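J.: Got a predicted structure plus its sequence, pasted below:
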Amino acid sequence: MTASFPSAARAALLLATLLAGACQGTVQVVDQLPSFVEREQLQSTIWLGLTKDRKNISSMASAIIVSPNVLLTNAHVWAAKEPDTEWWQAEIPAERTVFLRNPKPMVQTRTEPGEPPRQVLKPLTRRTFRLLASGTQGLILPADAADSEQAPRDLWSRDWALIETERPTWRAEDAAIFYPESLDPDWAPRPRTNVLIAGYSSLFLEGDSVNTEEGPETNLLDLAAFLASGPYVLRGDTRMIEGQPAVTYQPGWPRPGGHSGGGVYIL
């Protein structure tokens, strides 16, 4: 049995709803990839490292490869959100610098004459992305949006952003394969459809925190191992809650920050 890929836009939206309903806990988190699915089948989901200063990783997220140089992620990932604003009220930047996994993480450095070359671990590389389109474009906010914490009703269908780079690090053959029925904008998985959500939640990162602005710097060996072993899988059943798609989440598990933007695969 193989996993098939639904609409990339809807995949990101399902995940956003999942994250909104996640709860805190202390139970051990495990990768829920089924034994009959090869991790290589999920390579259309890749890791994003968000940065505010081009030096430190401020947060992690995921994205879906949709063409040789275009990714799809959540608008709430791409938005330049301030602490006192909702993401849908924030600016959607025309351009951002993003960290990606370095396809060749071992870099040879120069040495003194007569000494052998030295290999240095460099798991990340920076790329400039520009915004192609976003679901928030044309979004009409209520008159009291500045004072309201209530999101627009159709927000779930607008939480997507297409971004492009001239220097991709991924393979073109890893682009997502769309589930045919999902090309219909009105399509949604039937309730209780079992799905896999691929991504790079920090729940699966062992070692120091990746947040270098609010905590210790990441151990590069831990980060390199984390990226090389992904993407990671959360598994659940689809639901419709007040007209919005959602996916069940393991009770007691912490909020899976970093999984936003990952692909959803129907089993």
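T.: Thanks, I have the structure now.

J.: now the helices for the stretch 151-267 of the chain?
T.: Secondary structure of the stretch 151-267 of the chain (DSSP state H, counting those that start in this stretch): helices located at 220-228.

J.: right, and Q137 touches A94 too?
T.: No: taking Cβ atoms under 8 Å as the definition, Q137 is not a contact partner of A94, at 11.3 Å. Using the backbone N, CA and C atoms, a C-beta is placed for each residue, glycine as well.

J.: neighbour count winner among those two?
T.: Higher neighbour count among Q137 and A94: Q137, with 11 against 8, using other Cβ atoms under 10 Å.

J.: That one in helix, strand or coil?
T.: Assigned by DSSP: H, G, I helix; E, B strand; the rest coil, the conformation of Q137 is coil.

J.: In contact with it: list those residues for me.
T.: Taking Cβ atoms under 8 Å, 6 or more residues apart in numbering, we find Q137 in contact with I92.

J.: again with A133
T.: Applying Cβ under 8 Å, 6+ apart to A133 gives the contacts A161, L162.

J.: Report the distance from the helix or strand containing it to the chain centre.
T.: Taking DSSP states H and E as the definition, one finds A133 inside strand 124-134. When C-alpha coordinates are averaged (Cα atoms, centre = their mean, to the nearest Å), strand 124-134 and its chain have centres 13 Å apart.

J.: That strand vs helix 220-228, what angle?
T.: Put simply, strand 124-134 runs at 40 degrees to helix 220-228, going by axes from the mean of the first three to the mean of the last three Cα atoms, to 10 degrees.

J.: Would you mark the buried spots in strand 124-134?
T.: L124, T125, R127, F129, L131, S134 (16 or more other Cβ atoms under 10 Å).

J.: I'd like these written out as a markdown table, with pLDDT and distance to R235 added.
T.: Shown next, in a markdown table, are those (pLDDT from 0 to 100; distance: Cβ to Cβ, whole Å):
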| residue | pLDDT | distance to R235 |
| --- | --- | --- |
| L124 | 86 | 28 |
| T125 | 89 | 31 |
| R127 | 94 | 31 |
| F129 | 97 | 30 |
| L131 | 96 | 31 |
| S134 | 91 | 29 |
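
J.: which one among the residues you listed gets closest to T85?
T.: Lowest distance from T85 to these (Cβ to Cβ) belongs to S134, with 16.3 Å.

J.: who are the neighbours in contact with the residue nearest to the closest one when sequence neighbours are not counted?
T.: With Cβ to Cβ, 6 or more residues apart in numbering as the criterion, S134 has its nearest non-adjacent residue at 4.4 Å, and that residue is A161. By Cβ under 8 Å, 6+ apart, A161 lies in contact with L72, T73, N74, A75, V77, W78, I92, L131, A133, S134, G135, T136.

J.: And P168, by the same measure?
T.: For P168, the contact set (Cβ under 8 Å, 6+ apart) comprises P68, N69, R127.

J.: tell me the contacts of the second one?
T.: By that I understand N69. Residues near N69 by Cβ under 8 Å, 6+ apart: E164, T165, E166, P168.

J.: Then the last one?
T.: The contact partners of R127, by Cβ under 8 Å, 6+ apart, come to T97, V98, F99, L100, T165, R167, P168, T169.

J.: per-residue confidence at the residue nearest the centre of the chain?
T.: What sits nearest the mean C-alpha location of the chain, by Cα atoms, centre = their mean, is S62, with 1.6 Å. Predicted confidence (pLDDT) for S62: 96.
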